[in-house]
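A.B. asks: sequence and predicted structure below; questions after.
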There are 2 protein chains.
Amino acid sequence: MKRRSQAVELWLQPEIFKALADETRLAVLARIAVAGRPMTVSEIKDCCGIHLSGVSRHLIQLRRAGLVHAEKDGREVRYRLQADDVIALLRGLADSLESCGKNCCVEE
Amino acid sequence: MKRRSQAVELWLQPEIFKALADETRLAVLARIAVAGRPMTVSEIKDCCGIHLSGVSRHLIQLRRAGLVHAEKDGREVRYRLQADDVIALLRGLADSLESCGKNCCVEE
DNA sequence: TTTAAATTTGCATCCTTGCGCAACTATGCT
DNA sequence: AGCATAGTTGCGCAAGGATGCAAATTTAAA
């Protein structure tokens, strides 16, 4: 044994959590997820009560965090979820937390 | 089908992500996880280069988010991971993201 | 009781972040 | 070319958050 911290170091970067730590950004993500298709900034704007420029900024932030992907189409930009990396991160984090609970934190 | 957004509404609360969106707090969590046992504030302090009072504040924040549990023991307070809820949240989030990717976002 | 140690809290400061507004860029339409 | 539409960016402001220091609180020890 003695294998406790194998994955703990991986989640020391707060970037993705910072991207998720805002109500408006979560609403934006949920909007895209519920729509089930790539959406333009103007379409997404309706899900949250803020100015279009703010929505644009939030989407850029989500893109930098790897949570969405932007695709330019004429003068529109369509954003779609890019969830694979995030899913892997979340599952890995859950697994390492679980193994910590089972392998370390219980045995005194 | 048409079942797309079954769990999307669940993660509209940014509280837990806010708690995780700070490098120092992640270091604190990792410190407790790696130690594999409840730790006092003074012990945890060594993992991050900030003042003890700041560590205390971060731990209180993590406790309010449900990420750790505090147990008073004499004049010390021992903090331990309270990971079950977080694991469930992370897995649920991963699942709902995955189903969104499979059921909606692909089919254009 | 007096003293010391562990933790929390009040206060001031500094830095970050979300926001609206206006200007700018890029693209399509007539 | 001229104009309209979609989106991004610069700027300033206000709110929030992280930090250190010092005081307060709680509890153990002498």
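C.D. replies: Alright, I've got the coordinates.

A.B. asks: kindly state the beta-bridge partners for residue A:78.
C.D. replies: residue A:40, residue A:71 (DSSP bridges).

A.B. asks: what's the distance between it and DNA strand C?
C.D. replies: Residue A:78 is 13 Å from DNA strand C, where distance means C-beta to the nearest atom of the strand, to the nearest Å. For every residue, glycine as well, the C-beta is placed using N, CA and C.

A.B. asks: doesn't residue B:87 make contact with residue A:98?
C.D. replies: Yes - counting by C-beta atoms under 8 Å, residue B:87 is a contact partner of residue A:98 at 5.5 Å.

A.B. asks: got the contact list for the residue most central in space within chain A?
C.D. replies: Most central in chain A under C-alpha atoms, centre = their mean is residue A:67, positioned 4.5 Å from the mean C-alpha point. Going by C-beta atoms under 8 Å, 6 or more residues apart in numbering or on different chains, residue A:67 touches A:16, A:19, A:20, A:29, A:81, A:82, A:83, A:86.

A.B. asks: got it, and residue A:70?
C.D. replies: Per C-beta under 8 Å, 6+ apart, neighbours of residue A:70: A:59, A:63, A:77, A:78, A:79.

A.B. asks: closest to residue B:49 among these?
C.D. replies: For these, the closest approach to residue B:49 (C-beta to C-beta) belongs to residue A:63, at 31.7 Å.

A.B. asks: in a helix, that closest one, correct?
C.D. replies: Yes - Residue A:63 sits within a helix when classified using DSSP: H, G, I helix; E, B strand; the rest coil.

A.B. asks: tell me the pLDDT at it?
C.D. replies: On the pLDDT scale, residue A:63 is placed at 97.

A.B. asks: can you check residue A:105 too?
C.D. replies: Residue A:105 is assigned a predicted lDDT (pLDDT) of 39.

A.B. asks: again, but for residue A:10
C.D. replies: Residue A:10 is given a pLDDT of 54.

A.B. asks: could you do residue A:88 as well?
C.D. replies: Looking at residue A:88, its pLDDT is 87.

A.B. asks: now the one 4 residues further on
C.D. replies: Here, the pLDDT recorded for residue A:92 equals 86.

A.B. asks: which helices and strands sit right next to whatever helix or strand it lives in?
C.D. replies: Using DSSP states H and E, the element containing residue A:92 is helix A:84-103. Judged by 3 or more C-beta pairs under 8 Å, 6 or more residues apart in numbering or on different chains; DSSP states H and E, helix A:84-103 is in contact with helix B:23-35, strand B:76-81, helix B:84-100.

A.B. asks: all good on my end, thank you.
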